[in-house]
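Asker: After the sequence you'll find the predicted model.
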Amino acid sequence: NYAFWYRKAKLQESGKDSSGALKSYRYAIKIYPSPDAMLAAANLLAEKKDSTAILICRQIEGQRMGREYTAHCAFISGVYYARTGQYDKALTAFNRCINNYYQYTEAYMEKGFLLYDANKTAEALQVFKTLVAIKNTYVNGYYWIAKCNEKLSAQSAAIEYYQKALLLDPNIPEARAALKRLGVK
């Protein structure tokens, strides 16, 4: 039955068995092609750089199920484009995701990563600042603001944001190591 295969796929996915999860999602989709199972499979395919992810997203978007599903499809498309080195398309897809659902934290993070890796650190910093303005308890946003500030040689701002990240989650070894590197005990 659909629910069995879908739950099995979720368990396999959380157990880092992506190929087993994809197989189970396919069985679930054959029984009942729910958008949730299709999106979950598309997400795994996007991470594996499989263009089938784009086809699945187009199929779901064609059903016009609402902004949330459109945002999910745009995000998954962005992941596929980012993993395959199509950075302009990835940024466009992440922007489309954010425009459809402005609280989509993962889209901000992926967009920020792309900009950071492209040495557009000031732009990445603005993306991460927007993210923490929307969700002020998002630890990774503070951590990446600190990384951007450190790369921009704004040491005091970097220290401040590493400390904020550690305040929200004391179990971030990277932030602790960065503070040590910056001379803070």
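Answerer: Received it, and whenever you're ready, just let me know what you need.
Asker: quick one: average pLDDT of the lengthiest helix in the chain?
Answerer: Assignment by DSSP state H gives helix 67-83 as the longest helix of the chain. For helix 67-83, mean pLDDT is 96.
Asker: can you list contacts of the helix or strand just after that helix?
Answerer: Downstream of helix 67-83, the next assigned helix or strand under DSSP states H and E is helix 87-100. Residues from elsewhere that reach helix 87-100, judged by Cβ atoms under 8 Å, 6 or more residues apart in numbering: 67-68, 70-72, 74-75, 77-79, 81-82, 104, 107-108, 110-111, 114-115, 118. In this view, the C-beta of every residue, glycine as well, is placed from N, C-alpha and C.
Asker: With stretch 153-164 instead?
Answerer: Residues contacting stretch 153-164 (Cβ under 8 Å, 6+ apart): 142-143, 145-147, 149-150, 175, 178-179, 182, 184.
Asker: Quick check on these: which are buried?
Answerer: Among those, the ones that count as buried by 16 or more other Cβ atoms under 10 Å are 142-143, 145-147, 149-150, 175, 178-179.
Asker: can you put the residues you listed in JSON lines and add pLDDT?
Answerer: Shown next, in JSON lines, are the buried ones among the contacts of stretch 153-164 (pLDDT from 0 to 100):
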{"residue": "142", "pLDDT": "97"}
{"residue": "143", "pLDDT": "96"}
{"residue": "145", "pLDDT": "97"}
{"residue": "146", "pLDDT": "96"}
{"residue": "147", "pLDDT": "96"}
{"residue": "149", "pLDDT": "96"}
{"residue": "150", "pLDDT": "94"}
{"residue": "175", "pLDDT": "93"}
{"residue": "178", "pLDDT": "93"}
{"residue": "179", "pLDDT": "92"}
